[in-house]
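K.L.:
structure for this input, please:
(one chain, ligands or ions: 2)
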Amino acid sequence: MTVLVTGGAGYIGSHIVAVLAKSGIRCVVLDNFVNSDPSVLERLARITGAPVEHVRADLRERSVVVDTLRRFGVTDVIHMAGLKAVGESVGHPIEYYGCNIQGTISLLEAMQEVGVHRLVFSSSATVYGDPRYLPLDESHPTSATNPYGRSKLHIEEMLHDVARSSESWHIVCLRYFNPVGAHPSALIGEDPAGIPNNLMPFVAQVAAGLRPELQVFGNDYPTADGTGVRDFIHVMDLAEGHQAALQALPNRPGWEAVNLGTGVGYSVLDMVKAFEQASGVAIPYRVVARRSGDIAACYADPALARQRFGWHARRGLEDMCHSTWAWQKMRRSMV
Ligand code: NAD
Ligand code: WQD
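P.N.:
Ligands and ions are numbered 1, 2, ... in the order given. All right, here's what the predicted structure looks like:
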């Protein structure tokens, strides 16, 4: 098996490459580094013990994708490349649809031309919109409230049509909940440019003294402590979920969407407490108004992933916080 990982230099992609390479699966990364740094590949090589085969290109350069699929004898694709900031997508919808949707079409055209038909797509729990019931199973109705989420939904639907068009396609859309944590080596992890949008990188930067305090967006939600509840999943579990999905794919023709979550929801304040314990550092925080577009609670029913791939998340909150903190300290020592 040779796997093309589009967006493989990114946060989740780099962990997937680390996990697959450890199992002896050959990976080829295609990335334009719009939201990552080429040095990730050097650090990945230290983890895997061999140089990471890679192509620097935009996914929309279809001829390069065709050439990459042929040159490396790619058998399977994990498609992670895309833009992912919800707020930014509202101000830059054309850029988001261009990158995410045109990028996917370019990839599909290339795969069709070369005859590669097995695809794992990075989708998101954002496609469930505001939950009508919890936990969220895969038959929960889908909707989107911003261009980022809509791009994921459009891609899922497009992939469904592609799988209906010919029996040769094997496509799985993995709907991630909230990925956090880092590789145990602390050599790779989430490395957002500018002010982090997401909770855990922000908490880590407060702990490191890079930001004075965390703003907690609302404590008047109908949850146990009033703060938002999410299904935080360790990025290593998420990466192992991709490996399990890849292994199951040859026996699963057609299209399917599968949640990757833990099934457990933790609140913002649970995460702050857990991080304080893991790091030994107090996290100053202040409750401010709700963030526009946020939902109260969101967590997965993870049963289908276990049934289809024999996978379930194994790592807990402590490991999520410990590894985030170790990576945060390592990252600071690198700059
Ligand atoms: P990331 O930004 O760290 O990684 C994405 C990678 O894709 C980056 O290295 C970027 O340089 C690359 N890329 C972007 N556009 C490209 C293009 N046109 N051509 C080539 N490379 C391109 O993001 P991540 O957190 O690792 O997320 C990976 C995927 O998972 C994304 O598709 C994202 O939407 C999805 N996802 C992420 C989360 C999350 O919370 N992190 C949750 C659900 C789904
Ligand atoms: C989690 C909780 C915030 C920051 C987003 C995307 C989603 C998916 C994952 C890609 C919420 C609270 C946060 C802060 C806070 N990405 N919070 N202070 O919003 O669940 O999901 O990332 O698909 O599409 O929307 O994650 O980490 O931003 O927020 O209080 O500084 O933390 O209000 O309750 P979210 P998050």
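K.L.:
contacts only, for the residue in the chain that ligand 1 sits nearest to.
P.N.:
Nearest to ligand 1, among the residues of the chain, is Gly10, at 1.9 Å (C-beta to the nearest ligand atom). (Glycine included, C-beta is placed from N, CA and C.) Gly10 makes contact with Asp31, Asn35, Ser36, Met80, Ala81, according to C-beta atoms under 8 Å, 6 or more residues apart in numbering.
K.L.:
between those, which has the most around it?
P.N.:
Ala81 (28 neighbours; other C-beta atoms under 10 Å).
K.L.:
ok, and the closest non-adjacent residue to that one?
P.N.:
With C-beta to C-beta, 6 or more residues apart in numbering as the criterion, Ala81 has its nearest non-adjacent residue at 3.4 Å, and that residue is Gly7.
K.L.:
quick one: buried residues of whichever strand or helix holds Ser333?
P.N.:
Element membership for Ser333 (DSSP states H and E) is helix 317-334. Residues of helix 317-334 classed as buried: 317, 319-328, 330-331 (neighbour count, 16 or more other C-beta atoms under 10 Å).
K.L.:
got TSV for those residues, with pLDDT and distance to Ser139 too?
P.N.:
Output for these, formatted as TSV (pLDDT from 0 to 100; distance: C-beta to C-beta, whole Å):
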residue	pLDDT	distance to Ser139
Leu317	97	28
Asp319	98	31
Met320	98	28
Cys321	98	33
His322	98	35
Ser323	98	33
Thr324	98	33
Trp325	97	37
Ala326	97	38
Trp327	97	36
Gln328	96	38
Met330	93	41
Arg331	87	40
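K.L.:
ligand 2 next: which of the residues you listed are close?
P.N.:
Contacts with ligand 2 within the buried residues of helix 317-334, counted by C-beta under 6 Å from any ligand atom: none were found.
K.L.:
who in the stretch 51-200 of the chain is up against ligand 1?
P.N.:
58-60, 80-84, 99, 103, 122, 124, 176, 179.
K.L.:
can you tell me which of these end up in helices?
P.N.:
Gly103 (DSSP state H).
K.L.:
sort out which of the residues of the stretch 51-200 of the chain next to ligand 1 are in strands and list them.
P.N.:
Under the assignment DSSP state E, those contribute Ser122, Ser124, Tyr176, Pro179 to strands.
K.L.:
list, out of those residues, those positioned next to ligand 2.
P.N.:
Ser124.
K.L.:
quick check, nearest of the ones in strands among the residues of the stretch 51-200 of the chain next to ligand 1 to ligand 2?
P.N.:
Ser124 (3.1 Å).
K.L.:
residues in contact with Ala9?
P.N.:
Val29, Asp31, Phe33, Ser36, Asp37, Pro38, Val40, Leu41, His54 are the contacts of Ala9 under C-beta under 8 Å, 6+ apart.
K.L.:
need the helices for the chain, in chain order.
P.N.:
So, for the chain - with DSSP H - the helices run 11-22, 39-48, 62-71, 86-91, 93-97, 103-114, 147-165, 199-207, 235-248, 268-279, 303-309, 317-334.
K.L.:
name the stretch among those that sits most buried.
P.N.:
Highest mean neighbour count among the helices of the chain (mean count of other C-beta atoms under 10 Å): helix 11-22, with a mean of 24.
K.L.:
quick one: is it near ligand 2?
P.N.:
No - using C-beta under 6 Å from any ligand atom, we find that helix 11-22 stays clear of ligand 2, coming within 9.8 Å at best.
K.L.:
put the alpha carbons of that helix into CSV.
P.N.:
Provided in CSV are the C-alpha atoms of helix 11-22 (Å, rounded to 0.1, in the frame of the first residue of the first chain):
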residue,chain,number,x,y,z
TYR,A,11,-1.4,19.2,12.2
ILE,A,12,-3.5,16.1,11.6
GLY,A,13,-1.7,14.9,8.4
SER,A,14,1.7,14.9,10.1
HIS,A,15,0.4,12.6,12.9
ILE,A,16,-1.2,10.3,10.3
VAL,A,17,2.1,10.0,8.4
ALA,A,18,3.9,9.2,11.7
VAL,A,19,1.4,6.5,12.5
LEU,A,20,1.3,4.9,9.1
ALA,A,21,5.1,5.0,8.6
LYS,A,22,5.5,3.2,12.0
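K.L.:
hmm, who's touching that helix?
P.N.:
For helix 11-22, the surrounding residues in contact (C-beta under 8 Å, 6+ apart) are 3, 5-8, 27, 29, 31, 36, 40, 44, 47-48, 50, 52, 78, 80, 122, 176, 179, 182-183, 188-191, 235-236, 238-240, 242-243, 246.
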